[in-house]
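Visitor: need coordinates for the below:
(chains A, B, C, D, E and F)
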4 protein chains.
Amino acid sequence: MPKIGMQPIRRQALIDAAIQTIHERGSLEVTVGQIAKRAGVSSALAHHYFGSKDALILSTMRYLLTELTTDLRATLAAARTPRERISKVIRANFTPSQFDPAVVSAWLVFYVRAQSSAEARRLLRVYAGRLHSNLAHALTQITDGRRAHAIAEGAGALIDGLYIRRALKSGSPDPESAIQVVEHFVDAMLAQAQPIREISNGRS
Amino acid sequence: MPKIGMQPIRRQALIDAAIQTIHERGSLEVTVGQIAKRAGVSSALAHHYFGSKDALILSTMRYLLTELTTDLRATLAAARTPRERISKVIRANFTPSQFDPAVVSAWLVFYVRAQSSAEARRLLRVYAGRLHSNLAHALTQITDGRRAHAIAEGAGALIDGLYIRRALKSGSPDPESAIQVVEHFVDAMLAQAQPIREISNGRS
Amino acid sequence: MPKIGMQPIRRQALIDAAIQTIHERGSLEVTVGQIAKRAGVSSALAHHYFGSKDALILSTMRYLLTELTTDLRATLAAARTPRERISKVIRANFTPSQFDPAVVSAWLVFYVRAQSSAEARRLLRVYAGRLHSNLAHALTQITDGRRAHAIAEGAGALIDGLYIRRALKSGSPDPESAIQVVEHFVDAMLAQAQPIREISNGRS
Amino acid sequence: MPKIGMQPIRRQALIDAAIQTIHERGSLEVTVGQIAKRAGVSSALAHHYFGSKDALILSTMRYLLTELTTDLRATLAAARTPRERISKVIRANFTPSQFDPAVVSAWLVFYVRAQSSAEARRLLRVYAGRLHSNLAHALTQITDGRRAHAIAEGAGALIDGLYIRRALKSGSPDPESAIQVVEHFVDAMLAQAQPIREISNGRS
DNA sequence: AATGAATGAGTTTTCATTCAT
DNA sequence: GATGAATGAAAACTCATTCAT
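Guide: Residues are numbered from 1 along each chain as shown, chains lettered A, B, ... in the order given. Coordinates of the predicted model:
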């Protein structure tokens, strides 16, 4: 019963299935067949719509990056102070839709993929760069530039580290605790920088 | 005339080859054949000595973990103060032999492998646990237990994050800069915890 | 509002596209999808009109055979002497529309197809038979029947050989030079047969 | 029961099987699986020894070219006069091992393959060039250079044409009749060139 | 101790073909 | 009349693994 306009529906279904399958299986072991089966279509259709397994994986990466950006924009609008903006940026990385075990697993695969795919590497650099500039921009308004960049760098690595460790843990994720670790890091680094002035923390 | 005592030599050669091959190829794409070729033996021999590809990968993990422990013990002996011990623990993770691009790539593969292999997961938890207890033990002597654990947790995640990001970068690694990031983190967290007392930093 | 009489238009468009596509791609690698795309229609339509890929290829063969016959009839009308008729028959095979690189490639495919398809084999035999009888008929008026058939046989093979070799060459085809080769062959064979009588050559 | 030194045996068996399979099936439709099965091995082994289907096909081409050269050398040694040499060159192309239906089919496939593979094209040009120079060299000693090349060119095309037509016929091949066609062609062309002098024909 | 030989099972990918609209 | 949707079947190719020597 083929209906018209299925393309975007199928594409999204396949991307969702890719994320789920990556999570369940041991990451890179995912086959197009498994993904397609989970999406309820034939593997031939997956190729029809994406052209290749690689393209499907890359589209999945792009989708997650877009989601991250969307999450961030939505939350950033409400921020008043620079410190608040920093908190929003941090929090955006641990949104339920982002810190979902399946999504975290997918990110890990992307990091591995980046070792061999130039395009995957580029996408991850875009992500890292965007995160860095978002944080650094807000930080520059609170502390000096050199320090702002150092903190942004550290926070970025810390977020990645929490992700990778999350992938190892079983049970449901604990975004709040992860957020606290990063917030503490930022607070501590800022406090050390300006030991006297009190910093207003945007967290509720 | 079969040589005696070849087993340990071959095993080590294959483990070394596994690390190098993982680095050169796109990570998980490594085949037993590639590893064996680089080690200068047949793939059949790799199976003879390890039983399976999985066992070879796990042995490689164990080897790197042992190396890390060895590096740590060697450097820890000279530490006088708790803060110095912390610095030594951090530094042990960025030893040239550890922060080598090939080794970093291998770690990434292990994280992926851990998603599907219980034994790999166990090994990574052993590593994380050992790192955590080493740091927490020293930190408990400087700050309160709750805070000590939080800092140890953060430092561990930060180290992992720096590793994963290192894998994305091209060029030679910069261990000193990575060490500084973690040291700053610890310093800042400790400073925030005890704003008055001066902390002795074991770094030269 | 479905258009009326689209069938012949679509069929011809698909046949033309088949010839072009066979030429551009590596011969037999042509897919129905490629042909349909070049014709500006969906592959489903190609099946609608031809029933199968095989039928499309066979229709393309039939079309080229018909063209050859048409070319021949047009030119044959003006022939006065038997020798002139022979020249016209030869020349018909090297008409710009026949010796076009795309058409030559298509013929090659047909020969291959003939290996596995009885119908394709039959069509090629029809072509060979028609060429032979055309030549032999005219030749019989100049030389004895046995020799006439031998010359016709050789000329046919020579024409095929020039086609197959043309497919290997790059650059634009050189019909005149090919025609000369066959004409020389016929002249020489006739001269050997009747060393005394002068042969009138219909070529300009 | 794996024995040592199987590689050359398997390679040759696969090449032989390729020729046979190409003949039986519809040429290009041959799959590695079919060839391997006929050779009594797995398709994986075919890939192991040749690397790819293309490489197997090309090796088969090279083998047939080498055989042709070998056949030629063997027969050429006994030639005394230039005309005899020409006859030997012609005959070498219709040796039972060359004009075998399976081999003829294979050649046709090579011609098709040449359309898309540069290496296959190169090999066929080598063949054509060698045939041409062999013929032209002997012809130059009997007639003028321009004519020698023209005759060599025509003879080459004629041989190819006879091959391609042979592929269409059923039943056992008739090498003698094909040889006669080419010999007549050469005789006739030479006679026309030097209508007076008698040419000694090397044929028995 | 070591390996060349060999393969089964599985992977991506392609394509002719069908069908509901 | 025309097509987007969808797939089954089969292709090339890969690879961990086994085994006789």
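Visitor: ok, is the helix or strand harbouring A:Gly33 in contact with DNA strand E or not?
Guide: According to DSSP states H and E, A:Gly33 maps onto helix A:32-39. Yes: using C-beta under 7 Å from any atom of the strand, a contact is recorded between helix A:32-39 and DNA strand E, made by A:32-33. For the C-beta atoms, the positions are set from N, CA and C on the backbone; glycine is no exception.
Visitor: and that helix, what's buried?
Guide: Neighbour-count burial for helix A:32-39, counted by 16 or more other C-beta atoms under 10 Å in any protein chain shown, picks out A:32, A:34-36, A:38-39.
Visitor: also stretch A:64-82?
Guide: Buried, per 16+ other C-beta under 10 Å, within stretch A:64-82: A:64-65, A:68, A:71-72, A:75-76, A:79, A:82.
Visitor: considering only those residues, which also neighbour chain D?
Guide: For chain D, no contacts are drawn from the buried residues of stretch A:64-82 by C-beta under 8 Å from any C-beta of the partner chain.
Visitor: of those, which is the nearest to B:Tyr127?
Guide: Among the buried residues of stretch A:64-82, A:Leu64 lies closest to B:Tyr127 (C-beta to C-beta), at 27.5 Å.
Visitor: secondary structure and pLDDT for the buried residues of stretch A:64-82 - can I get that in JSON lines?
Guide: Supplementary listing: those in JSON lines, determined by DSSP: H, G, I helix; E, B strand; the rest coil; pLDDT from 0 to 100:
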{"residue": "A:Leu64", "secondary structure": "helix", "pLDDT": "91"}
{"residue": "A:Leu65", "secondary structure": "helix", "pLDDT": "91"}
{"residue": "A:Leu68", "secondary structure": "helix", "pLDDT": "89"}
{"residue": "A:Asp71", "secondary structure": "helix", "pLDDT": "87"}
{"residue": "A:Leu72", "secondary structure": "helix", "pLDDT": "88"}
{"residue": "A:Thr75", "secondary structure": "helix", "pLDDT": "86"}
{"residue": "A:Leu76", "secondary structure": "helix", "pLDDT": "88"}
{"residue": "A:Ala79", "secondary structure": "coil", "pLDDT": "89"}
{"residue": "A:Pro82", "secondary structure": "helix", "pLDDT": "94"}
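Visitor: what number of residues lie near A:Ala44?
Guide: 11 (other C-beta atoms under 10 Å in any protein chain shown).
Visitor: so which helix or strand takes in it?
Guide: helix A:43-50.
Visitor: and that helix, which residues are buried?
Guide: Buried, per 16+ other C-beta under 10 Å, within helix A:43-50: A:43, A:46, A:49-50.
Visitor: which residues does it contact?
Guide: By C-beta atoms under 8 Å, 6 or more residues apart in numbering or on different chains, the residues outside helix A:43-50 that reach it are A:7, A:10-11, A:14, A:31-33, A:35-37, A:39, A:56, A:59.
Visitor: packing partners of the one helix or strand in chain A whose mean pLDDT sits lowest?
Guide: Sorted by mean pLDDT, DSSP states H and E, the helices and strands of chain A end with helix A:101-116, the least confident at a mean of 83. In terms of contacts (3 or more C-beta pairs under 8 Å, 6 or more residues apart in numbering or on different chains; DSSP states H and E), helix A:101-116 is packed against helix A:7-24, helix A:53-76, helix A:118-140, helix A:145-168, helix B:101-116, helix B:145-168.
Visitor: rank the ones you listed by mean pLDDT and give me the bottom one.
Guide: Least confident of the helices and strands packed on helix A:101-116, judged by mean pLDDT, is helix B:101-116 with a mean of 83.
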